[in-house]
Structures are given as C-alpha cells and as structure tokens.
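S.K.: sequence first, predicted model second:
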Amino acid sequence: MAEPFSGTDTVQFRFRDDEAVDHAAVTVDAFLGQSNASAVRIEPGDDARALLPQIGQLRLVEVNFPSFMDGRGYSSARILREAGYTGELRAVGDVLIDQLNDLRRCGFDSFQPDQPLDAEDAARAFAVWPEVYQPAADARIPIWAKRHGH
Amino acid sequence: MKILTGNDLKTGAVTWWTGSDWSLHVDDAVDVGDEADEILAREQGARRVNAAYAIDAIRDANGVRPGHIKERIRALGPTVRPDLTLKPADPAAGNWVI
Amino acid sequence: MYRYDSYDQTMVDARVAEFRDQTRRRIDGKLTEDQFKPLRLQNGLYLQLHAYMLRVAVPYGTLSSAQMHALADIADKYDRGYGHFTTRQNIQYNWIKLEDAPDILADLAKVEMHAIQTSGNCIRNISSDQFAGAAADEVVDPRPYAELLRQWSSFHPEFLALPRKFKIAVIASETDRAAMRLHDIGVKIVRNAAGELGAAFYVGGGMGRTPMIGPLIREFVPLDQLITYSEACLRVYNRYGRRDNKYKARIKILVHELGADEYKRQVEEEFAHLLTLGIEPPLAELERIKTFFVDPPFEKSASDDLDRSDPDFALWVDRNCTPHKQPGYIAATISLKAVGGIPGDASAAQMHLMAELTERYSFDECRVTHAQNIVLPHVRKADLYALWQQLDEAGLATPNLDLIGDIIACPGLDYCSLANARSIPVAQKISQRFAETGKGDMLGELKLKISGCINACGHHHAGHIGILGVDKKGTENYQLLLGGSEGADTSLGKITGPGFDEDGIVAAVETAADVYLAQRQDGERFLDTYRRIGMEPFKEALYG
C-alpha cells in the first residue's frame, strides 16, 4: 500500500495532550528511504524494529489493522514502546469496540476506526479490566506485583 | 430443490426457511430457487436467523430430505442420542440420515 | 488445589460482565456475527451442528467436588442433563442458548471457574498430567507452573489475535501422560545437573492435518525466566506465523518452515530483549501458588494391604488403578467408556456422584484426563473397595483403562459442524464387538483414537490404532492408521490404505487386532509388535 494515508480529522479517541501531527504518514519503505518524515504507517507485515534507528524523529506512528483478526499490530506497538518511543501511536482501520482495551494496553494512545464507534460502549470497553495479570506497554501494575507489594 | 437452514440467534436451535418464517422441522422447508442470497441477507440482517446457508435437498413422499448427511443429522438430531432428536419415540429414526 | 484470591475473582467477574455486554450488543444488532464470533469463541461458545456449544475450562484438569457439582447443575439447568469431557481436559455442553451463556459464566465464576480462552486464536486452557501430585515418578507437581502460565496467558493483550489457536501442556515426569510433544508448546519441568528446577521447552508440535512432534527448543529455562521465555516464543509466532492460510497458521508450520534452529535463534534474540523489561513475576509468586499444591494430609500409617478376594474388584484395581507416591494410597481412574457408551459423556447424576466420591475419598480433588476419563488421585487403599462398589453400582467401574474399549473419540458428525463423519457410533460398535468376543481382554494395552475429521480432536495420529473419518462423495468413510503413540515414545500413525465404511472399519480393527494376537511375542503390546513387524502383515490381512 504505497498511498500515503492521512486524516487526523477521523481520530475518534486520543489519550494525549500534545498537538497532533498535521501531515500524512508515509509507508515504512518511504520512511526508511527519506530522512525527514515524522509520521509513518506500519502495515501488518512490516517489521516495526526497522524503524528503531530513526525512532527519535517520529512523532506519529500509525499501525494499520486491515482486519481486526490480524494481531501483528499488537506486537508492533509493544516493540515501539519497549524501544522508548513516546510519540503518538495510532490504531487505524478495522478497529472495534472489543479490541480497544487490548490495543491501549499494547501502547496505542489514539484510535482511528474505519467506522465510528458507539462512545458509551467504547468508554465501557476502555475500562473493562479493574486489574491486569501481566505487564504490557501501559503503566498498569500487574496483579502479581500487587500481591507481593511491589 | 434449494432450501435454507440456519440457527436461531438467541437459542441456537436449527431452523429451516418456510417461505415466511423459520421452522424447527425440515419438512416445512420450501424451495427458494435462486433467491437464496437475497433471503439470507435479509433474514440475517433482521437477526431472525444466524449463520444460515443454502443446501440442496429433494422432496419425496416422506418429506424433505437434505442432500448431504451433515444436514440430515442437523435436521434430526444426534443419531447417538435418539432421545434428544426430533423423533424421540422412533428408535429407527437414525436410519433416515444414512 | 489453587483457590482464587480477590484479584482472580475480580478478573473472572469482570469477564462475565464483559461477555454479558457483548452478548447484549450481538442480540441488539450492534455486533455482526463476524465481529461477535471471535468474542464468543474466546468465551468458549461455539455454534455447532445443532446449537451453541459451551466449552468450560478445567485448568490442568483439576476439579474440586463443589466444581464438579456445579458442572452437573449447569448440565441440568441450562443443557440436557449431560456434558462431554474432552481431550484437552475440559468439559463441553451441547445444547446451550446464547441468551443463557452469560448466566452460565456467572454460575461458573461462583465456583472459581470460567470458559476463558477455551476457543479462538489465543492461548488456550493449559493441560497437564492427570496424576500430578500423585505420581511417583514426578520431579515436582507441574501444576503450579501451569497456573503461573494460566494467569500470564489470561487476557494477554498482545496474544488475543494470534494466527491460530495455541495449546500449552506442562508435565514434570519422564513418562509423558499429557501428549506434551503434540502441543504448540510442551513444557517439561526438569532438574539440571546442579539440581535446580527449570523448564525444557518443546515448541511446534501438534496434530491436525499436518501432525508434528515438537522439537526441543531449549533444554533449560530457569524458573525465574519461565514467563519471559514463553512471551518470546509467542511474540515470534504472533509476528511471523502464517496468516495467509488457516491450515498453515499453527506454530508447527512456522517452526517447520524456519527450521527449529532458526526459530530458536529468533526466540533467543527476543528473549534477551524481553529480559531487560522486567515482565517476569517474582519467584515469590510461584511460591505463593505452590502453597496451594502441597500434599493433602495423607495418613502416614495407611495400610498398603488390599483385599482382592472379589475378582471383579481385583480386575478393576489391576486395570484402572495407578501406584501412588504415598504408601497406602492409590490413584483410581473412573472410566467414562462403558461398553457401547459415548466416550467422555457423563450425565448430571454421574457428575454428582463423582463429586461426592471426590469429596469422600480423594481429599476433595479429582482430575479430568485427556483420554476423557476422571481420576480420583488420592484414594486410601483401605477405602478402595467401598469406592469401587459405589462406582460399579452407577455403571462407572468399567475395567478398561488403556484397553481397546477405552476409546478416545471426538463428538464427530453427531454434534460437530466441522466433522466429515460420525465418530461415536464407530466407537460404540468397536467397544461392543470386542466386549462380546472377549478379545478386548486378550489384547492388553491398545489405545484406539477416533477423529471425525482431519482436525484430529480425537488424536487419531497418536493412537496405536487410529481412525479418521472422511467424506467420500457425501458418505462416511473411515481410514485406518497404525503405530501412533503420544507417550515418551511419541510417534505418528500411518494410514494402512483405502478406507472403509462403518461396518468395514469395525471389521478392519478386528483384523488388525488378530494380526497382533497371532504375531505377538512375550510381553509385547500392540504397538511393540507393530513396530517390530511393520505395516506389511497388517496390509496383507486387511487388503490382501
């Protein structure tokens, strides 16, 4: 998919206070070939680690979900957060209510679904887990840490 | 003939398209000709049926008989539990699926 | 056994609420079936041939009497008075209504049970050795490690949309009673030369249409890196497992296509990275879990004597009971394979009885086995006769463990929408035939496994004799396989040749059994004879 993708106007949920990047994200190939882009779009088959040498210049990474059943984007997101990426991480595409919480846990902080989501159902989905069993890319403290006073 | 089968969304029960509604009994099934896709889209959209599909069947003196054993078992119930089929009083009902 | 604390309870309760909301949205039309399907699957709810089917998790196969009673109550209240114990140590109900499913999950949560991740493209319920905690040959009880993995894998946000399902088994003895190497990950708890406990990882085994025996990926993962290593295995799979073809999406294909060495290299690289992140629970958490798996208060002076004067009882002891690590105790297997019965099915009344016997005779603990039977792991030998009498009265004392009548069978075309042929009637006919002729007793150990389609839920690849149901131009047809095994000597069965119809496959099994009886040498099991003489004599008898 070589077509640059844009559209901050359709971001439905954003958990950041900074100004959104106002220009289009480029493909991973285009990004690796030019040095000045600050927004990139990852497809499911792209290796997120290829971005790491230039991670410092990125302010927006879009991760595309052509189908909500394809979970590679979850790993891409965590890999970027684990490498210290603090810019916007946006889930775009077939993003549905019942994946919002998992996406959030993997480090996504903005959401651009193909179809607008019911705001009330989404709010419930983001808050679905009072506790978590494992650490992920969010700051939530896993149950085992609470059990042992960490 | 082409007939339609699916499951009731809420209960999961196997149902058959009668031309106006969904019945538990395969003998109520009607030939949908080439209208299968249209009916399926409409009925599933209205959530009157779930996971529905069209199959081949024949109608003979005994009623409607789906062409494949899988749908004949769907129509009757598990052959190993005659008590749970739609014909619990007929111990030989399972022979119909073969 | 493991008991929930308020955190565990909070999680299952939250899950019930989530699924109640999802079900509401499906019924209201806010979710399409395509969107809802993976959600219901991850709560164990399938749409099967006749109705919805609910698969309830039995973590590492362990149940208390209260839980077994609750399973019976669900069968009565929401289903049609029975359940089916599965080859992954779970139980499933065949006649569930979608609108009831949230209430069933709520009932389960009251007894610390759930149906979380019993289906779907995620990490499934973790299975283990049915004799864990009782077996004399175990290094340690494997279940605390399975529980640690259960908590890690539950709602793991990165691994809920994997290329395909993912099954983990954990064992801790040389004798593999859990078909560990036929799992996506087989974990074997071992001691290294220094006497420290750790885990050997076998990755990429499985059955299905491309059966593979999992290669050893790492000999020793220290216990304080168990979760981190598992996460590395999963991340490599999530990123690189094939998603272009559902039939090539299991991790076995990835490991096979990359080669075990290259897969291992990628895992080690990811592992080194993940180690820097501190995602591993502290060993104190493992110690906390272990406190739930300490030995029950065995009577130290319990007598090892057994009055074998009742020959029927003595036969059942010889066939269905297994030595225990504790003198004076024994592990008793309740066969759910009555002659002519439906393998793995139990009525609500039978479940209630098994629950009562569990409470009375086995320190309130029983196990589901992957061979679809129930084990009372800790029975005092002094109580064994009384236990047997009660089982016998209820038709639950069939003395056929590991004999030809102890058939593993998937639900097949009687219940399953994926099946190509019925499995249960074949199992029933075979068990009846061998009971009538008396040959079943002459054959000794002979593991017969039947699957109604290539997905191999009935483990046909791993049967000494395996049967695979196929669709031959709209009629049921059955292929015969010989030489499979799932134990320490894991091997995959080979197809004998052209398939048979239903009566033909029963006769073919009998023919194969006759070849063995004619050719066996002292002490040989069917499998041993097959391995010695090979396929030809069997082919000759079947087709010659």
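M.R.: Happy to help now that I have it.

S.K.: which positions within stretch C:351-367 qualify as buried?
M.R.: C:351-355, C:357-367 (16 or more other CB atoms under 10 Å in any protein chain shown). Yep, even glycine has a C-beta here, placed from its N, CA and C like the rest.

S.K.: any idea of the mean pLDDT in it?
M.R.: Model confidence over stretch C:351-367 averages 98 on the pLDDT scale.

S.K.: for that stretch, C-alpha coordinates in CSV please.
M.R.: Presented in CSV, the C-alpha positions along stretch C:351-367 are these (Å, rounded to 0.1, in the frame of the first residue of the first chain):
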residue,chain,number,x,y,z
MET,C,351,-21.2,-36.0,37.8
HIS,C,352,-22.9,-35.5,41.1
LEU,C,353,-21.9,-39.0,42.2
MET,C,354,-18.3,-38.4,41.1
ALA,C,355,-18.3,-35.2,43.1
GLU,C,356,-19.5,-37.0,46.2
LEU,C,357,-16.8,-39.7,45.8
THR,C,358,-14.2,-37.0,45.2
GLU,C,359,-15.1,-35.3,48.5
ARG,C,360,-15.4,-38.6,50.4
TYR,C,361,-12.4,-40.5,49.1
SER,C,362,-9.9,-38.2,47.4
PHE,C,363,-9.3,-35.1,49.6
ASP,C,364,-11.9,-33.2,47.6
GLU,C,365,-10.0,-33.3,44.3
CYS,C,366,-10.5,-35.1,41.0
ARG,C,367,-9.0,-34.8,37.6
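
S.K.: how far off centre is that stretch?
M.R.: When C-alpha coordinates are averaged (CA atoms, centre = their mean, to the nearest Å), stretch C:351-367 and its chain have centres 20 Å apart.

S.K.: tell me if the lengthiest helix in chain B is near chain C.
M.R.: Ranked by residue count under DSSP state H, the longest helix found in chain B is helix B:36-45. Yes - under the criterion of CB under 8 Å from any CB of the partner chain, chain C is reached by helix B:36-45 at B:Gln44.

S.K.: helices and strands around that helix, which ones?
M.R.: Of the remaining helices and strands, those touching helix B:36-45 by 3 or more CB pairs under 8 Å, 6 or more residues apart in numbering or on different chains; DSSP states H and E are strand B:2-7, strand B:50-60.

S.K.: go ahead and confirm C:Gln225 touches C:Leu275.
M.R.: Yes - contact criterion CB atoms under 8 Å: C:Gln225 and C:Leu275 qualify, at 6.9 Å.

S.K.: counting neighbours, what do you get for C:Gln9?
M.R.: 14 (other CB atoms under 10 Å in any protein chain shown).

S.K.: in chain A, which residue sits closest to chain B?
M.R.: Taking CB to the nearest CB as the measure, chain A has A:Gln115 as its residue closest to chain B, at 16.2 Å.

S.K.: in chain A, which residue is most central in space?
M.R.: Taking CA atoms, centre = their mean, the centroid of chain A lies closest to A:Phe108, which sits 3.1 Å from it.

S.K.: can you tell me the element it falls in?
M.R.: Per DSSP states H and E, A:Phe108 falls between elements, in no helix or strand.

S.K.: A:Ala123 versus the residue of chain A closest to chain B, what's the distance?
M.R.: Plainly put, A:Gln115 is 17 Å away from A:Ala123 if you go by CB to CB, to the nearest Å.

S.K.: before we move on, what about C:Leu39?
M.R.: Counting by CB to CB, the gap from C:Leu39 to A:Ala123 is 18 Å.

S.K.: so the two - more neighbours on which side?
M.R.: C:Leu39 (21 against 13).

S.K.: can you tell me, leaving aside adjacent residues, what's nearest to the residue nearest to the centre of chain A?
M.R.: By the measure of CB to CB, 6 or more residues apart in numbering or on different chains, the closest residue to A:Phe108 outside its immediate chain neighbours is A:Ala91, 4.6 Å from it.

S.K.: part of a strand, is that neighbour?
M.R.: Yes - note on A:Ala91: a strand contains this position according to DSSP: H, G, I helix; E, B strand; the rest coil.

S.K.: ok, it - how many residues close by?
M.R.: 28.

S.K.: that one pairs with what?
M.R.: Per DSSP bridges, the residues bridged to A:Ala91 are A:Val63, A:Phe111.

S.K.: quick one: it and A:Leu103 touch, right?
M.R.: Yes - at 4.9 Å, A:Ala91 counts as touching A:Leu103 under the criterion of CB under 8 Å.

S.K.: so what sits against both of those two?
M.R.: With contacts taken as CB atoms under 8 Å, 6 or more residues apart in numbering or on different chains, the residues that reach both A:Ala91 and A:Leu103 are A:Gly73, A:Ala77, A:Phe111.

S.K.: sorry, back to before: what about the buried residues of stretch C:351-367, which are in helices?
M.R.: Reading helices off the buried residues of stretch C:351-367 with DSSP H, I get C:Met351, C:His352, C:Leu353, C:Met354, C:Ala355, C:Leu357, C:Thr358, C:Glu359, C:Arg360, C:Tyr361.

S.K.: tell me the spacing between the last one and chain B.
M.R.: This means C:Tyr361. Counting by CB to the nearest CB, to the nearest Å, the gap from C:Tyr361 to chain B is 31 Å.

S.K.: most neighbours among the shared contacts of A:Ala91 and A:Leu103, which one?
M.R.: When these are compared by neighbour count (other CB under 10 Å), A:Gly73 ends up highest, at 31 neighbours.

S.K.: quick check: closest non-adjacent residue to whichever residue of the stretch 151-300 of chain C sits closest to chain B.
M.R.: Of all residues in the stretch 151-300 of chain C, C:Lys246 sits closest to chain B, at 17.6 Å by CB to the nearest CB. The shortest distance from C:Lys246 to any residue that is not its chain neighbour, by CB to CB, 6+ apart, is 7.0 Å, and that residue is C:Arg164.

S.K.: likewise for C:Glu356?
M.R.: Sequence neighbours aside, C:Ser65 is the residue nearest to C:Glu356 in space, at 6.9 Å (criterion: CB to CB, 6+ apart).

S.K.: could you do C:Asp103 as well?
M.R.: In space, not counting the residues next to it along the chain, C:Asp103 is nearest to C:Tyr78; the distance is 7.5 Å by CB to CB, 6+ apart.

S.K.: and the one you found, its phi and psi?
M.R.: Main-chain torsions, C:Tyr78, degrees, to the nearest 10: phi -120, psi -10.

S.K.: that one contacts C:Asp100, doesn't it?
M.R.: Yes - distance between C:Tyr78 and C:Asp100: 5.0 Å, which falls inside the contact criterion (CB under 8 Å).

S.K.: neighbour-wise, which of these two wins?
M.R.: Applying other CB under 10 Å to C:Tyr78 and C:Asp100 shows that C:Asp100 carries more neighbours, namely 20 against 17.

S.K.: before we move on, what SS does the residue of the stretch 201-350 of chain C found nearest chain B have?
M.R.: For the stretch 201-350 of chain C and chain B, the shortest gap (CB to the nearest CB) falls at C:Ile342, measuring 5.8 Å. Secondary structure of C:Ile342, reduced to three states by three-state DSSP: coil.

S.K.: skipping adjacent residues, who's closest to it in space?
M.R.: With CB to CB, 6+ apart, the residue lying closest to C:Ile342 is C:Ile424, at 5.4 Å.
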